[in-house]
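Asker: Output the structure for:
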Amino acid sequence: MKAMLLRCFAMGVGFGVTCSMAVTRYVDLNSPNPMPPYTDWSIAATNIQDAIDVAVAGEDVVVTNGVYATGGKTVSGSMTNRVALDKPVTVSSVNGPSFTTITGFQLLGTTNGVGAIRCAYLVDGATLKGFTLTGGATETAAINWGGGGVWCQSTNAFVLNCVIRGNSSSAWGGGGILGHARKLSNR
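Answerer: The predicted model follows:
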């Protein structure tokens, strides 16, 4: 490993090329010492979005068991997404959807509206694997009214081995999924 890094550095000096190795980020709801860059279990993030935010394209975020109902990010308009894969990263659970849940937020009495939170948003090249996505909802504005469980921005966004249930939207994809994903696994 050191030899490879030294070789990359030496080539970079001579040719203006740099080498980097993908890093894995970790998330544990009960992490006692969350500290960026979250590169091992002893300093794992306590919410998924924090780990995604420090990751770079091509990296993996690994999430251990738990119900993840905090954190989030706005991607378009004012709609918050509990987990926004806003770059091409892979977010995977350790033990699958029976043990790891991403929970959005539904408004009491109305379900959808300002303040609702979608479970997940994926951009081109992003992958979400092995989660239950539940309790997501959308706003009522046209830009944010679809896909209470998942919104996929492109045909190159992947949702694999996920259980998507109990989500709502004010228009399309009320059952949970809306977008252009071509590889959806909803069981």
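
Asker: which strand of the chain spans the most residues?
Answerer: Criterion DSSP state E: the longest strand present in the chain is strand 158-165.

Asker: partners of that one in the sheet?
Answerer: strand 127-129 (parallel), strand 132-134 (parallel), strand 183-186 (parallel) (DSSP bridges).

Asker: Are we agreed that residue 50 is in a helix?
Answerer: Yes - applying DSSP: H, G, I helix; E, B strand; the rest coil, one finds residue 50 inside a helix.

Asker: That one: what's it in contact with?
Answerer: Going by Cβ atoms under 8 Å, 6 or more residues apart in numbering, residue 50 touches 27, 34, 36, 38, 71. Glycine gets a C-beta too; all of them are placed from N, C-alpha and C.

Asker: Now the buried members of the residues you listed.
Answerer: Buried members of the contacts of residue 50, counted by 16 or more other Cβ atoms under 10 Å: 27, 34, 38, 71.

Asker: Pick the one among those closest to residue 139.
Answerer: Closest approach to residue 139 among the buried ones among the contacts of residue 50 (Cβ to Cβ): residue 71, at 18.5 Å.

Asker: doesn't residue 52 make contact with that closest one?
Answerer: No - with contact defined as Cβ atoms under 8 Å, residue 71 does not reach residue 52; the gap is 9.1 Å.

Asker: Nothing else from me, thank you.
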